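Asker: no sequence on this one, just coordinates:
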């Protein structure tokens, strides 16, 4: 279980990082709403809310020492929410933004690059979804191992004392 705990903390840290990056980018887009051709306000609010919830929960579950494997239901819900964030950002990218092909990542700059920032928000949202889903799978695996009695190398289990 120590390995599962280390993997769980690593996944929570990755979830925290991805959510923090998407939160920062979404907040940046909302702050510059007038500048960027009146972008998709509802989509950005949704991604900001999911990011804020994810930052809070990932940090909380990474720091608290109790068993984080029992949160696999929430992990699945947040994974689906992150896939929805990615889908909403991607749909707007395809329909409204004139940045060229989605896979043309050559012109990305560190500052004042709307297309690059939007691509980064999409990339980190899909990474967050994958990390939340991996955490869900780890939780299911740890929960099923905890519920299954340990193998006794073929020997029958002793009868309970009366």
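Answerer: Thanks, I have the structure now. Keep in mind the model is a prediction, meaning the values are calculated, not measured. Numbers count the residues shown, from 1 in each chain.

Asker: which residues are in contact with the residue positioned nearest the centre of the chain?
Answerer: Taking CA atoms, centre = their mean, the centroid of the chain lies closest to residue 128, which sits 2.5 Å from it. By CB atoms under 8 Å, 6 or more residues apart in numbering, the contact list for residue 128 reads 15, 18-19, 22, 54, 82, 85. In short, each C-beta sits where N, CA and C put it, glycine included.

Asker: quick one: which of those is nearest residue 4?
Answerer: Taking CB to CB as the measure, residue 4 sits nearest to residue 15 out of the contacts of residue 128, at 16.0 Å.

Asker: list the residues that contact that closest one.
Answerer: 54, 58, 128, 131-132, 135.

Asker: again, only this time at 6 Å
Answerer: 58, 131-132 (CB atoms under 6 Å, 6 or more residues apart in numbering).

Asker: pretty sure residue 72 contacts residue 136?
Answerer: Yes - using CB atoms under 6 Å, residue 72 is in contact with residue 136, at 5.0 Å.
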